[in-house]
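J.: Here's a sequence, model it:
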Amino acid sequence: MLSKIKTKNPIFYAIVLVIGIVAFLGFKEGDDFKIAKNLDIYYSLFRDVNIYYVDETDPEEMIENSINAMLKKLDPYTVYIPEKDKDEFTFMTTGHYGGIGALIRNNGEYPIVAQPYRGFPADKAGLKAGDKILEIDGKSTNEYRLSEVSERLKGIPQTKVKLLIERPYSNEKFEKELIREEIQIKSVPYYGLADEGIGYIRVTKFTPNVSREVKDALRELKTEHQITSLILDLRGNPGGLLIEAPKLCNLFVNKGEEIVSTKGKIKKWNQTLKTTDFAYDIDIPIVVLVSRGSASASEIVAGALQDLDRAVILGERTLGKGLVQTTIPLSYNSQVKVTTAKYYTPSGRCVQALDYTNRNEDGSVGHVPDSLISEFTTKNGRKVYDGGGIIPDIKVEPEELSQMSISLITQNVVFDFATKFAYENPVISSVEEFNITDEIYNNFVQFALLDSFKYETQSERELNKLEKIVKSEKYYDRVKEELEKLREKLINDKETDLINFKAEVIQFLRDEIVGRYYYEDGQIETNLKDDIQLHKAIEILNDQNQYKSILSAGFENKDQLGMKISMLNPRTTEKDEDNSEDYFFESMMN
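T.: As a prediction, the model looks like this:
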């Protein structure tokens with residue numbers, strides 16, 4: 001009876017079908033025989049475990065887990081996408097989904113609205129950041145994981161969803177019936193003037209039409225503000241559609257220039273993508289901002305503009321994702337996203353940082369070895385290197401965050417204070433004029449102290465490790481007194497640290513509060529006030545002699561020259577690899 005029930009699962013038939021096809025094709029020497037043999041073993045194992053295991057099993061979950069475990073051995077980007085995750089995948093590739101238009105997050109027993117998107121159903125219904133979602137269509141949300149809550153909020157456009165909301169600090173509970181809409185998130189959430197004559201455009205992802213959004217923003221900046229130079233901000237941009245990278249570059253690079261090439265095991269994945277139209281502005285000086293979170297299509301744009309000496313790249317070394325994925329449809333509306341090629345910038349660089357092909361003995365992944373890093377040259381003859389992301393022409397790293405700030409953010413202290421502030425202050429001044437006054441900050445300090453948040457400094461963590469070591473080595477009694485004295489000196493005083501790190505905390509506090517009134521674009525605008533990388537970009541663009549010298553053949557980039565040394569002490573490990581996307585399905589699917 002048990003085996004009869006289990007064999008009705010569609011995955012069972014899929015396995016049988018695969019075995020049958022392989023058997024029909026016949027056994028050949030090499031891979032074909034190995035595939036058939038191991039599929040037969042897998043089918044037998046799967047069948048017998050489901051028949052004989054002492055407790056009930058979930059065949060679908062078992063198959064999905066085995067698929068995920070198999071693909072995990074390849075790289076983080078080759079993944080199985082079951083039918084239930086199809087909507088999430090569509091959103092990642094296109095920026096479109098059906099839903100209420102709000103970010104949600106965990107904060108206590110119930111999920112909360114983290115940020116409603118301007119003009120979408122949640123915003124139009126009056127939902128605010130901090131609102132607790134108690135029920136969805138009459139069912140309590142404390143029974144669901146956050147992913148399940150998100151799934152229930154999404155749906156076909158024009159369908160209804162009923163929410164029970166609790167507004168913090170007012171203790172007000174109310175129901176809202178929202179009509180889902182097609183949600184399309186902009187790739188360019190903000191653009192404006194960075195300085196007199198200098199435009200600024202923020203690009204957060206590479207979804208369809210990102211190049212059109214950038215072009216529209218650039219046209220307005222040129223028409224309305226007569227800008228003569230541009231800052232293109234790709235920091236934290238995880239990538240997206242590979243096909244959009246050449247289109248964006250084409251705004252600044254003329255027709256016929258190679259932007260990226262791809263090379264894979266199968267010839268049809270080998271392609272060279274060039275610009276196809278005349279540039280919108282071939283002359284405007286550009287500084288491109290990048291960070292460790294800039295990956296994939298962002299790196300293609302930054303690398304191409306660097307190789308063609310079309311822009312100065314400024315910021316941090318990028319992530320180093322030089323792998324291209326293709327989505328392949330499977331049965332039952334599932335898909336697999338598989339790495340099919342590596343991409344190369346115009347100079348010939350592959351910027352992939354982690355070497356998944358040659359893993360260490362323990363299975364971990366290391367950087368491309370220093371001995372395999374090669375030197376390339378830009379159009380003007382400047383030296384650039386592969387094997388580790390895009391190295392900026394001008395390296396400007398942001399200051400490291402204190403543990404105090406990290407704790408205030410991760411424990412939602414800043415978020416919760418902003419919720420309280422917005423409840424008590426229906427309006428604030430404009431983004432340009434709003435600042436955190438001493439009164440506001442003092443109120444925040446008292447709020448944080450009452451919140452009883454916890455944090456531990458790096459020094460305290462290291463001291464705790466040292467104490468464990470000396471205890472295990474039986475030296476604790478000898479150094480106990482010295483360790484206790486050191487602990488007394490290091491122990492953190494929350495109120496003192498809140499004052500000492502005031503300047504740093506104020507930036508996060510201001511950004512969170514401004515977002516309650518002026519949404520994402522307001523947060524970006526206010527965050528630029530204290531942006532040291534932006535200020536350096538402005539300095540370079542205001543000094544055209546400096547700008548031109550950086551792009552000249554005689555310019556020596558110390559960060560580039562020192563790359564081989566720095567690669568011996570890699571800055572990232574496998575777990576730091578960003579879960580970015582790089583889809584090429586427009587040209588690869590056929």
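J.: If you count neighbours, what's buried in the biggest helix by length in the chain?
T.: Secondary structure of the chain read by DSSP state H shows that its longest helix is helix 502-527. Going by neighbour count (16 or more other CB atoms under 10 Å), the buried part of helix 502-527 is 504-527. (Each C-beta comes from the backbone N, C-alpha and C, glycine too.)
J.: just stretch 206-221 next, same as before
T.: Buried-residue list, stretch 206-221, by 16+ other CB under 10 Å: 206, 207, 208, 209, 210, 211, 213, 214, 215, 217, 218, 221.
J.: now the strands: where do they sit in the stretch 201-350 of the chain?
T.: 229-233, 240-241, 258-264, 271-274, 286-290, 312-315, 323-329, 335-344 (DSSP state E, counting those that start in this stretch).
J.: and the second one, what other elements does it pack with?
T.: Yep, that's strand 240-241 we're talking about. Counting contacts by 3 or more CB pairs under 8 Å, 6 or more residues apart in numbering; DSSP states H and E, strand 240-241 packs against helix 86-94, strand 582-583.
J.: which one of the ones you listed has the lowest average pLDDT?
T.: Comparing mean pLDDT over the helices and strands packed on strand 240-241, the weakest stretch is strand 582-583, at a mean of 39.
J.: list the contacts for residue 199?
T.: 191, 192, 193, 217, 218, 221, 222, 225, 227, 229, 230, 231 (CB atoms under 8 Å, 6 or more residues apart in numbering).
J.: Closest to residue 251 out of the residues you listed?
T.: Of all the contacts of residue 199, residue 251 sits closest to residue 218, with 6.8 Å by CB to CB.
J.: follow-up on the earlier one: filter the contacts of residue 199 down to the buried ones, PyMOL style.
T.: Burial among these is assessed by 16+ other CB under 10 Å; the matching PyMOL selection reads:
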select buried, resi 191+192+217+218+221+222+227+229+230+231
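J.: now the contacts of residue 199 as a markdown table including pLDDT?
T.: Listed next are the contacts of residue 199 as a markdown table, based on pLDDT from 0 to 100:
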| residue | pLDDT |
| --- | --- |
| 191 | 97 |
| 192 | 97 |
| 193 | 97 |
| 217 | 98 |
| 218 | 98 |
| 221 | 98 |
| 222 | 97 |
| 225 | 97 |
| 227 | 98 |
| 229 | 98 |
| 230 | 98 |
| 231 | 98 |
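J.: just to revisit the earlier point, mind listing which of the buried residues of stretch 206-221 are in helices?
T.: When DSSP H defines the helices, the subset of the buried residues of stretch 206-221 inside them is 210, 211, 213, 214, 215, 217, 218, 221.
J.: hang on, the earlier thing: the buried residues of stretch 206-221: which two are farthest apart?
T.: Using CB to CB, the buried residues of stretch 206-221 span at most 22.3 Å, a distance reached by 208 and 221.
J.: ok so, going back, does anything pack onto the helix or strand following the longest helix of the chain? Which helices or strands?
T.: Next along the chain after helix 502-527, taking DSSP states H and E as the criterion, comes helix 532-541. Applying 3+ CB pairs under 8 Å, 6+ apart, we find helix 532-541 packed against strand 190-195, strand 198-202, strand 229-233, strand 286-290, strand 312-315, helix 544-550.
J.: Please identify the deepest-packed of the ones you listed.
T.: Of all the helices and strands packed on helix 532-541, strand 286-290 has the most neighbours on average by mean count of other CB atoms under 10 Å, namely a mean of 27.
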